[in-house]
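# When you get a sec, could you give me coordinates for this:
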Amino acid sequence: MLRLTGILITIAAAIGAAILTWPQFFRLEQTFPIAQLVSLRPVVAVGFAALALLGLLICLGRRTRGFGAGLAMIGILACAANVGILAFRGLGTSGLPEPTADSIRVMTWNTAGEATDVDAIVQTAIAMDVDVVALPETTEKTGKAIAVAMRERGNPMWVHEENYQGWDATYTTLLISPDLGDYAVVTSDSAGTRNTSVVPSVVAMPVDGKGPTIVAVHAVAPRPNDMDHWRSDLRWVADQCASPDVILAGDFNATVDHMSRLGTDGGTLGRCHDAASATGNGAVGTWDTGWPSLLGAPIDHVMSTDAWRATGSVVVTSLDGSGSDHRPVIVQLEPVG
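Numbers count the residues shown, from 1 in each chain. A predicted model of the protein is given here:
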C-alpha cells in the first residue's frame, strides 16, 4: 500500500510539474489557478528546487529511496526547465542604445494613482528621453500636470486619456510627443467590445494617417471573479494588433505565457512582438516592487508590429520605493524598412 501511494504521488507530481512548466501544451495558461501560478514562474522554479531537495532527503531512508529519487528527478528537471525558459526570455540588460533620428522611445508605468509622485514620473521620462508615455491608473489631471512639467523642461507632450469615472485605477493616460504628429483618441470595436472591460485602455491614431497607432493598455487583473473579463481584455488587445503599424504599451496583467494562443503570424499577441523578450529583459519582473525583480511577474509590456524593431529595453528597479507596485519599462524602437 505504501509503495502504491508513493507511485501515485510521484505521478501526480510529474503531471503537476508538466502543467506548471508549460501550461500552454494543456491549454491551461488562462485557467484559474494555473494562470496565477505561471505568472510567477521564478517562484515556481524555486518551489521545484525545494521539491528536489525534499526528494534527496527522502532518499536517505532505505525503504523510501526509490520514491525520493523520483521526486528529486522531477524537481530537478522541472526547475531546470523553468530556469531555462526564464534565461531564454532574458534575465536583464541595462541601458539603451543611442537614439537615431527615426527611433521612438516608449515608457510604460502603472503609477498606482497618486501613490507615485509627479516629479518622479517627469524625471524618469525626461532622463530616458521618451516620446510616448503610457500611464495606467493615472488621471487626466495628473497627466496634464506631468505634461506641463515636461513642457517647462523642454519636452512637451500631448495628453490623451480614457476613464470609467471611478477611482484612479479606472483612468488611463497617454502622453505623445508633438514630434510624432497630431493624434486623436478613437473607439476600437472588437467582437462587439469597444475597450478593455473593467479598466480602460487608450487607442490613439495619427490624424494624418502617417505613423503608428499607439495603444495605452490596461487589462484587468486575473482575479477569480474577473477571469472572463481578463481573457476578453487580452483578446481585445490582440485585435488591436491587426493593423500593420501598431505600438502597445501598458499594464497587460499577463505574461507572455498567457498570450501563447493569442499570437498570429509569429507575434506574441496578435501581430505584436514583446520588446523586452526580444532585448534580454523578458523575465525581469515588473510587479510587485516589493519582490526582487527576478522573482516578480513581467506583466507590463511594450509591444509592436513588424513595422518596428526593438533595439533595447530597460526595466527600472531604482524606483522601487517611489510608491507604485509596478516598475517602469522603457523600450527603444526603430522603424523597419
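# CA only for contacts and neighbour counts going forward, please
Noted.
# Report the buried residues of the helix ranked longest in the chain.
Longest helix of the chain, by residue count under DSSP state H: helix 65-89. Buried residues in helix 65-89, defined by neighbour count with 16 or more other CA atoms under 10 Å: 66-83, 85-87, 89.
# Could I get the full set of helices for the stretch 151-300 of the chain?
Ranges of helices in the stretch 151-300 of the chain, per DSSP state H, counting those that start in this stretch, are 227-240, 275-278.
# Determine which stretch of these is the most buried.
Across the helices of the stretch 151-300 of the chain, averaging neighbours per residue (mean count of other CA atoms under 10 Å) puts helix 275-278 on top, at a mean of 24.
# continuing past it, what's the next helix or strand?
Once the chain leaves helix 275-278, the next helix or strand it forms, by DSSP states H and E, is strand 300-304.
# what comes into contact with the helix or strand that that following strand is followed by?
Where DSSP H and E defines the elements, the next helix or strand beyond strand 300-304 is strand 308-315. Contacts to strand 308-315, defined as CA atoms under 8 Å, 6 or more residues apart in numbering, come from residues 92-97, 245, 275-276, 278-281, 284, 286, 327-336.
# Quick one: residues in contact with the worst-scoring helix or strand of the chain on mean pLDDT.
Within the chain, no helix or strand scores below helix 2-21, which has a mean of 89 by mean pLDDT, DSSP states H and E. Helix 2-21 has contacts (CA under 8 Å, 6+ apart) with 25-26, 28, 34, 37-38, 44, 67, 70-71, 74-75, 78, 81-82.
# repeat that with 7 Å
With CA atoms under 7 Å, 6 or more residues apart in numbering as the test, helix 2-21 has contacts from 26, 34, 38, 67, 70, 71, 74, 78, 82.
# can you check stretch 29-41 too?
20, 23, 28, 82, 224, 255, 257, 258, 296, 297.
# Dump that stretch to CSV, keeping only the CA atoms.
The C-alpha coordinates for stretch 29-41 follow below in CSV (Å, rounded to 0.1, in the frame of the first residue of the first chain):
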residue,chain,number,x,y,z
GLU,A,29,-2.4,29.0,-19.3
GLN,A,30,-5.6,31.2,-18.9
THR,A,31,-7.3,28.9,-16.4
PHE,A,32,-7.5,29.6,-12.6
PRO,A,33,-5.3,28.9,-10.6
ILE,A,34,-2.7,27.9,-13.3
ALA,A,35,-2.7,31.4,-14.8
GLN,A,36,-1.8,32.9,-11.4
LEU,A,37,0.9,30.4,-10.7
VAL,A,38,2.6,30.6,-14.0
SER,A,39,2.8,34.4,-13.8
LEU,A,40,5.3,33.8,-11.0
ARG,A,41,7.5,31.3,-12.9
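# Low-confidence regions, the protein specifically.
Residue ranges of the chain with pLDDT under 70: 1-2, 188-193.
# Run through the residues that contact the spatially most central residue of it.
Centroid-nearest residue in the chain, with CA atoms, centre = their mean: residue 299, separated by 2.5 Å. By CA under 7 Å, 6+ apart, residue 299 lies in contact with 251, 252, 253, 254, 255, 286, 287.
# what about residue 279, distance to residue 312?
5 Å (CA to CA, to the nearest Å).
# Those two - which one has more neighbours?
Neighbours were counted for residue 279 and for residue 312 using other CA atoms under 10 Å; residue 312 has more, 23 against 20.
# Specify the beta-bridge partners of that one.
When assigned by DSSP bridges, residue 312 has beta-bridge partners residue 332.
# so how far is residue 335 from it?
Taking CA to CA, one finds residue 312 at 13 Å from residue 335.
# Can you give the contact residues for stretch 236-253?
Stretch 236-253 is contacted from outside by 108-110, 134-136, 190, 196, 212-221, 262, 269-272, 299-305, 307, using CA under 7 Å, 6+ apart.
# measure that stretch end to end?
14 Å.
# buried ones in that stretch?
The neighbour-count check on stretch 236-253 (16+ other CA under 10 Å) flags 236-241, 244-253 as buried.
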